[in-house]
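[1] how does the following fold in three dimensions:
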Amino acid sequence: MSSSAVPWKVLSSHVGVGILTPGWTLDVVYPDFAEPREFVLDVVFDSSFSSIPVVHLGLTGFDMDRRESSRLTLKAQNITESGFQAVISTWDASRVFSVEFNWLAIGA
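    Here you go, the predicted model:
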């Protein structure tokens with residue numbers, strides 16, 4: 001019985017989004033509205049993986065209103081062989097003007 005090894009594939013990039021990005025509303029606070037607000041960014045890989053990769057996100061920068069607490073989450077969801085969604089969220093009275101992050105996808 002023989003098998004052939006499948007080489008590992010690694011892709012990565014740096015992303016910056018904020019108030020100039022269409023659909024960005026994390027800088028807007030609605031009175032009496034403490035529910036989480038989120039921005040979803042579709043990330044498409046330059047080339048597809050043969051199976052679903054592991055995706056790691058690393059926050060590298062942000063710009064937030066200093067008058068309120070800094071509340072921010074960053075996560076990857078809906079990961080497929082061809083990409084994923086990066087979800088940036090905040091809540092309460094936090095105002096987020098921009099976020100920068102790196103992503104790393106590892107798979108076959």
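[2] and the residue sitting nearest the centre point of the chain, what element?
    For the chain, the residue lying nearest the average C-alpha position, counting by Cα atoms, centre = their mean, turns out to be Ala86 (2.7 Å). Using DSSP states H and E, Ala86 maps to strand 83-90.
[3] can you give me the strands in this protein?
    Counting by DSSP state E, the chain has these strands, from start to end: 9-18, 37-44, 54-64, 73-77, 83-90, 96-107.
[4] wait, which of these is closest to Asp27?
    strand 96-107 (5.3 Å; Cβ to Cβ). In this view, the C-beta of every residue, glycine as well, is placed from N, C-alpha and C.
[5] returning to what we had before: who does the residue nearest to the centre of the chain bridge with?
    Leu41, Ala76 (DSSP bridges).
[6] give me the nearest residue to His56, chain neighbours excluded.
    Leu104 (4.6 Å; Cβ to Cβ, 6 or more residues apart in numbering).
[7] and that neighbour, how many neighbours?
    Leu104 has 14 neighbours, counted by other Cβ atoms under 10 Å.
[8] that one contacts Phe45, correct?
    No: assessed by Cβ atoms under 8 Å, Leu104 is found out of contact with Phe45, at 11.5 Å.
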